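Asker: this one's sequence-less:
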């Protein structure tokens with residue numbers, strides 16, 4: 001039996017976090033770097049990636065490091081750019097965290113058709129495209145006993161109905177959850193040494209939730225909707241991903257793990 005430290009060890013792993021320059025992606029990237037992993041973060045803004053990569057590497061005390069790999073994953077060219085950047089530096093990929101995403105809120109009768117195109121293109125299509133493009137490096141890293149991991153970041157809004165008017169985003173995250181199950185099944189049937197799981201965060205402070213997170217009254221109202229009566233913290237989502245990426249999570253695949261303070265427990 002491995003010790004608890006061994007069970008959750010991610011040191012030396014090669015990790016890619018898309019949408020990793022801010023918000024939940026930054027929280028996840030910071031957790032892996034602190035755990036001793038070699039992390040590549042991607043987003044459209046190169047300066048933001050480079051600044052955070054330098055900051056996280058400077059803070060690392062366990063041999064972890066962070067590297068910028070900027071790319072626009074809403075385009076096929078951007079997906080290729082990310083994969084090529086990582087492949088030029090690494091021979092394998094132990095963990096792929098598909099976190100890049102976008103939202104769009106508007107009243108029902110004013111909700112534009114292009115919102116669905118933009119949201120589904122990045123939130124769903126790019127998850128599929130990035131995963132497929134990285135399959136070779138994931139297969140190179142995985143073994144039957146220690147598979148490579150794909151972790152898709154869904155949302156509690158893909159499980160429950162949000163209070164605010166947002167249509168494409170919840171639908172896209174429900175699609176991410178089912179795509180996760182489909183990919184997990186396919187990897188297992190093909191005997192690929194890769195597990196695929198999803199994390200469904202509840203309310204976490206980020207740019208996407210700033211319209212309520214930065215408003216004290218609205219912030220407090222959201223917290224009241226959470227059975228645990230608080231917003232998520234960086235260690236909550238980072239810990240969930242580290243569990244799924246470590247030896248502790250090697251026998252878990254096709255799961256959508258809510259990290260939501262209990263919101264999904266009551267429908």
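Answerer: All right, it came through fine. Nothing here was measured: the structure is a model prediction, and the numbers come from that model. Numbering: from 1, shown residues only.
Asker: For the nearest residue to residue 124 once chain neighbours are set aside, give me its contacts.
Answerer: Leaving aside its chain neighbours, residue 124 sits nearest to residue 175 (4.8 Å; criterion: Cβ to Cβ, 6 or more residues apart in numbering). Yep, even glycine has a C-beta here, placed from its N, CA and C like the rest. Going by Cβ atoms under 8 Å, 6 or more residues apart in numbering, residue 175 touches 120, 123-124, 158.
Asker: Closest one of these to residue 193?
Answerer: Taking Cβ to Cβ as the measure, residue 193 lies nearest residue 124 of the contacts of residue 175, at 24.9 Å.
Asker: For the closest one, give its distance to residue 141.
Answerer: 25 Å (Cβ to Cβ, to the nearest Å).
Asker: separation between residue 203 and residue 230?
Answerer: As judged by Cβ to Cβ, residue 203 and residue 230 stand 9 Å apart.
Asker: which residues are in contact with both of those two?
Answerer: Counting by Cβ under 8 Å, 6+ apart, the residues touching both residue 203 and residue 230 are 223, 261.
Asker: These two: which is more packed in?
Answerer: residue 203 (20 against 13; other Cβ atoms under 10 Å).
Asker: quick one: secondary structure of the more buried one?
Answerer: Assigned with DSSP: H, G, I helix; E, B strand; the rest coil, residue 203 falls in the coil class.
Asker: again with residue 151
Answerer: strand.
Asker: which residues in this protein form helices?
Answerer: Counting by DSSP state H, one finds helices in the chain at the ranges 4-7, 23-34, 46-59, 76-87, 113-120, 126-133, 135-141, 168-189, 210-213, 216-225, 234-245.
Asker: Contacts for the fifth one next, please.
Answerer: Applying Cβ under 8 Å, 6+ apart, the external contacts of helix 113-120 come out as 74, 102-104, 106, 167-169, 171-172, 175.
Asker: Likewise for the last one?
Answerer: The set of residues external to helix 234-245 that reach it, using Cβ under 8 Å, 6+ apart, is 8, 10, 13, 15, 24, 27-28, 30-32, 35, 94-95, 97, 149, 151, 195, 197, 199, 201, 204, 249, 252, 257, 259.
Asker: Throw the contacts of residue 175 into TSV and include pLDDT and distance to residue 49, thanks.
Answerer: What follows is those, written out as TSV (pLDDT from 0 to 100; distance: Cβ to Cβ, whole Å):
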residue	pLDDT	distance to residue 49
120	97	24
123	97	20
124	98	23
158	95	27
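Asker: Mind checking which of those residues are buried?
Answerer: 120, 123-124, 158 (16 or more other Cβ atoms under 10 Å).
Asker: what number of residues lie near residue 1?
Answerer: Residue 1 has 5 nearby residues by other Cβ under 10 Å.
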